[in-house]
Structures are given as C-alpha cells and as structure tokens.
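Undergrad: give me a 3D structure for the following:
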Amino acid sequence: MMHYFLTIDNGGTNTKAVICTDNGQQVGMASFPTKRIEPQPGFQEIKLFNLLSDIGQVIQQALKKANLKADLIEAITVVGHGKGLYTLDQTGKIFMNGILSTDNRAQNIATTLQSQVSRIYSISHQQIMASQAPVILRWLKENQHEQYDRIGYILSNKDFIRYLLTDEIKQEIGDASGNNLINLDTGKYDQNLYDFFGVPEIYNKLPPLIKATDLAGHVTSKAAQVTGLKSGTPVYAGMFDIDACAIATGVLNEQKFSMIAGTWNMNIFPSLQRAPQSAGLMNSIFPTDLNLIEASSPTSAGNLELMIKMLLAEEVHNANLHQKSIYDYLEMMLDSTDAAYTQLLFFPFLYGSNSDPAAEGAFIGLRSSTTKSEMIRSVYEGICFAHRDHIEQLLKVLGHRPEVIRMSGGACNSKHWVQMFADVLNLPIELTAASELGGLGGAITCAVGEGLYPDFSSAVAQMTQVIERYEPIADQVEIYEKKYQIYDSLLRTLEGKWEKLKNLQKELNKQNDH
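TA: Numbers count the residues shown, from 1 in each chain. Okay, the predicted model is just below:
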C-alpha cells in the first residue's frame, strides 16, 4: 500500500504544497510567490489574514496534479523559513503581519547586542542577527509598543502555519533553537535569554516545545473547509527549511555537508560538537538531536538574479520575445567559457555580507575592454567564493574535510554552476533526485512520525536518491584557488573601511532628502 504525505513549504520566495510517497517520489506540487511586502526600506513582512486560503488553493492544485483525493493523504507537516517573527494576541488571534527572515529593521540593535554576546553565549551558543525573534521583539518594544503589548504568543513561520491547520499553539524546538529562543544546554526556554535581550516579559508568552516528528494536532473542520483537506488528518511538527534540506539530501552526520545556494547562502552539517563563540557560527538543535552547525549569509543566488536585472535588461527582453529564458543563454555562456575567461572579481553583498557587516556589492578589476559576459560570469564565481568562505569556517570547526557536499537550491538548475562550485571548493558535489527538498524533508518527517520508518537514517535510505555527482576538475581548481586567494585578500584589506562609505551614503541621503 502506497503512503502519501503532504508538506506545506513556506519559504521567503515561494510557498508550496508538495505531495510525496513513502519511497520519496514527488507526485504533486503547486506553488505561489510568497506575498512579501516592504512597508519601509529594510522591512520585510507577510500578510497573514489570507494565508490559509492561499495555501488551501495550492493544496487543492497539488492534489489535482497528483490525481489524489484528500482522504488519501496520510499525514501533513509544515516546513518554513527560519528566524523572523510570527505572533498571536492573548486570545490566539492574528493582529499583525508576520516578519520574514530577510527583515533588517533591527540591525542596529543586533549590532549592539552582538558586541555583548559573551554575556549569554554559554547558554545560547548563538551569534546575534537582526532577523532573530528576540531582536525583532526588542525593536517592537522600542518602536511599536502598542503592538508589542498585544503579543500573547511567539511562533516561528511553520509553527504559525501549523496553528492555522490545527488550532494548536506549539513551537518546534529546532526552529526555536535557531531563533535564539532556547538554552541549548537544557533544550528549554531560559529567562536569562529574555532578560539579556531586554524583553523579559516574553518568557511567559512562549508555547510548549515539541520535536519535529511529534504529532502536533489534527486538521480542524474549519481548516478542512478552506483547504480541501480531510478533517482529522494528523499534522506533525515539521522543521526549519535548512533542516529539511539536510535530511532530504541525506546529510545526517559530519561526513557530509549540506549546501543551499538559493535566496540565502546556507552551509551546514550535523555534529556531536558545537561551534565555539570565536568561530562566528550558528548552532541549533537538529531533528536527530545532534547539533547543527551553520554558516550562512544573504550572499548567494539572489545576487545573480539582481545583477541580471541590472546588466541584462535588453537580453532578458529579447529572450522573452523568443519564448526563452535568459538562463538558457547564460548556460550557453558558461558552457563556452572557463575559469580563465573573466579577469575581474565580484563581491556578492547586494543583500548583506559575510565579511565586514558594512560591506557592499562591488566589481574589482573592471577595464574598458570588460564585457557584460565577463561581469556576469564573475557574479557566478563571486557567489561560489562567498560559499567557500563559509565552508572554510565550517572546516575549522570540524577539523577535516567532508567526503562530499550535497547541494540544493536554485543554483542546482545550472549544471555548469554546480561544476563551478565543485572546482572552487575542490570537493565533490552530489545532487539528489527530489526537486522539492523541503517537501521531501517534510515527507520523511511524516514517515518517521507515523512509525513507517524507525528513524531518519532508515527513512533516508528508502526515500533519498543521489542522481548526479560532480568531481573537481584539476586545472579549474588551480585557477579558482588563485582567484579565491586574491578575493579573500582584498576582503581582508577592506575590513573596517566600508563604514566610511556607509557614513558618506547616509550624509548624501540626508542632503538629497532636503
């Protein structure tokens, strides 16, 4: 008998409903662009009042594509973006927008608190980021106190969506641990954390903690009417999207790294140890109860998308006229060039940096003869170099190189880019069969929660399939090694100097406003 599992995958870019079988086969998927709004520069929010009806539509579309009736869905779970903030009032009602992980309104608070992180690191084992819930809560307390006072419950993204399905208010521990809400030593909330962040009253507004494979509730009759799901269908806790990607690609121990090249530059591995404060990395609780060590920044494929808009508007228009994708032409460009082709470097810091916090995007080495193709190829390479920065951080903690990197994210759609990653990192890269890894990770969670498989290792052995492997090419590795060393040297030289540019920008903005 075939078992069918539904995952709602709510990312910062797209929201999806994915149906997978107990052998890992994807049989139905539908999606819509996540309806993010930017009420002010640096503010990234999502309206929540209509979110369940929007999700209901894609669930019904996914069921139709799979040619399944809702009563054949054995279990449901939710995978979502990490960090950010989702709240309910004291009566469990929605009253404000959700705040996405790309939100940057609290950066000044985060910078100040990070300078004091040693006061709390022994229990949090976390660096401090502007997108973490306690930092955003501090900002709300200082800037929107009426909204802050209405808060009754604190949730992560996927916990909020699960609440819409079940009416149960619970927080999954992995997501909470990555959002600086947990004492990692005890695995529980800790009043000391909230005192440090200056939001002590939040401690009493935190819901019960559950694990990823725990039964978190059942689809309510109200949610069933909106979504087309069967009332009473079990809903499992689910997980943070990077956890889901790691599990879906079979990354369960230190022998493999998971690398996500998408909206964010994410590089992770599960471990018995934790990264020390000096490493500048993030620790969280992985669904297998290991520690997840994470090096991440917004320095990945989103930079390519924006640079295409900046540099190739005419080419995009022409491609559309011929019913082609600009990425088809770029793949041809990558196919006909190699590491020696472009002689300039790109810093992929259009949305943030993994170097100096004030660093911004830049081309270095532009000449009168530089072509747009060279510039775009240097963007591809610069994103690879930014990932290598993070991989180097992880290697310092691990102490040895992994056997392989399992890669996911939008960059995997380009076979030439995946090869470039293998050459820049000088490590083999493997791709897995599932196109929607969040959906597969969710299905694995359901399968383990239901008892179909006894643990994640057993489930992964049956549900994850490696389909491609890219080995580093020696002559390309040699050129990229030279480029990377120069890239790294330039970044180190500029550290501490970007702030002067930031200050000038602020000064000029004030003059322009007048």
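Undergrad: what are the ranges of the helices in the stretch 351-500 of the chain?
TA: 372-398, 415-425, 437-449, 456-463, 474-494, 498-513 (DSSP state H, counting those that start in this stretch).
Undergrad: make CSV from those and add distance to N108 to it.
TA: Bear in mind the C-beta positions are built from the backbone N, C-alpha and C, glycine included. Listed next are the helices of the stretch 351-500 of the chain as CSV, based on distance: least, C-beta to C-beta, whole Å:
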stretch, distance to N108
helix 372-398, 24
helix 415-425, 34
helix 437-449, 32
helix 456-463, 40
helix 474-494, 22
helix 498-513, 12
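Undergrad: pick the most buried one from those helices.
TA: Neighbour counts (mean count of other C-beta atoms under 10 Å) averaged over each of those peak at helix 437-449, with a mean of 29.
Undergrad: could you pull up the mean pLDDT of that one?
TA: Taken as a whole, helix 437-449 has a mean pLDDT of 97.
Undergrad: now the angle from it to helix 456-463?
TA: 120 degrees (axes from the mean of the first three to the mean of the last three C-alpha atoms, to 10 degrees).
Undergrad: among the helices of the stretch 351-500 of the chain, which is nearest L272?
TA: In terms of C-beta to C-beta, the element of the helices of the stretch 351-500 of the chain nearest to L272 is helix 372-398, at 10.9 Å.
Undergrad: what packs against that closest one?
TA: strand 256-261, strand 265-271, strand 291-297, helix 302-311, helix 326-335, strand 345-347, helix 415-425, helix 474-494 (3 or more C-beta pairs under 8 Å, 6 or more residues apart in numbering; DSSP states H and E).
Undergrad: distance between the fourth one and the chain's centre?
TA: Relative to its parent chain, helix 302-311 has a centroid offset of 19 Å by C-alpha atoms, centre = their mean, to the nearest Å.
Undergrad: next secondary structure after it?
TA: helix 313-321 (DSSP states H and E).
Undergrad: and that following helix, how far out from the chain's middle?
TA: So, by C-alpha atoms, centre = their mean, the centroid of helix 313-321 is 30 Å from its chain's centroid.
Undergrad: and what of stretch 262-274?
TA: Computed by C-alpha atoms, centre = their mean, the separation of stretch 262-274 from the middle of its chain amounts to 10 Å.
Undergrad: can you redo the helices and strands packed on helix 372-398 as JSON lines with mean pLDDT and distance to I128?
TA: JSON lines is the format used below for the helices and strands packed on helix 372-398 (pLDDT from 0 to 100; distance: least, C-beta to C-beta, whole Å):
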{"stretch": "strand 256-261", "mean pLDDT": "95", "distance to I128": "22"}
{"stretch": "strand 265-271", "mean pLDDT": "95", "distance to I128": "18"}
{"stretch": "strand 291-297", "mean pLDDT": "94", "distance to I128": "14"}
{"stretch": "helix 302-311", "mean pLDDT": "93", "distance to I128": "23"}
{"stretch": "helix 326-335", "mean pLDDT": "95", "distance to I128": "36"}
{"stretch": "strand 345-347", "mean pLDDT": "98", "distance to I128": "24"}
{"stretch": "helix 415-425", "mean pLDDT": "98", "distance to I128": "28"}
{"stretch": "helix 474-494", "mean pLDDT": "97", "distance to I128": "22"}
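Undergrad: so which of these comes closest to G24?
TA: Judging the helices and strands packed on helix 372-398 by C-beta to C-beta, what sits closest to G24 is strand 256-261, at 16.7 Å.
Undergrad: G410 contacts N265, correct?
TA: No: under the contact definition of C-beta atoms under 8 Å, G410 does not touch N265, with a separation of 11.8 Å.
Undergrad: the two: which is more packed in?
TA: N265 (29 against 18; other C-beta atoms under 10 Å).
Undergrad: can you give me the neighbour number for A411?
TA: With other C-beta under 10 Å as criterion, A411 counts 23.
Undergrad: quick one: contacts for it?
TA: Applying C-beta atoms under 8 Å, 6 or more residues apart in numbering to A411 gives the contacts 261-262, 300-301, 383, 417-418, 421.
Undergrad: K65 reaches Q26, doesn't it?
TA: No: K65 is beyond contact range of Q26, at 10.1 Å (criterion: C-beta under 8 Å).
Undergrad: which one of the two has more residues nearby?
TA: Set K65 next to Q26 and count neighbours by other C-beta under 10 Å: Q26 wins out with 19 against 14.
Undergrad: next one: the closest residue to that one other than its chain neighbours relative to C446, how far apart?
TA: With sequence-adjacent residues excluded and distances taken as C-beta to C-beta, 6 or more residues apart in numbering, Q26 is closest to C20, at 5.3 Å. Distance of C20 to C446, given as C-beta to C-beta, to the nearest Å: 9 Å.
Undergrad: doesn't the residue nearest to Q26 lie inside a strand?
TA: Yes: counting by DSSP: H, G, I helix; E, B strand; the rest coil, C20 falls inside a strand.
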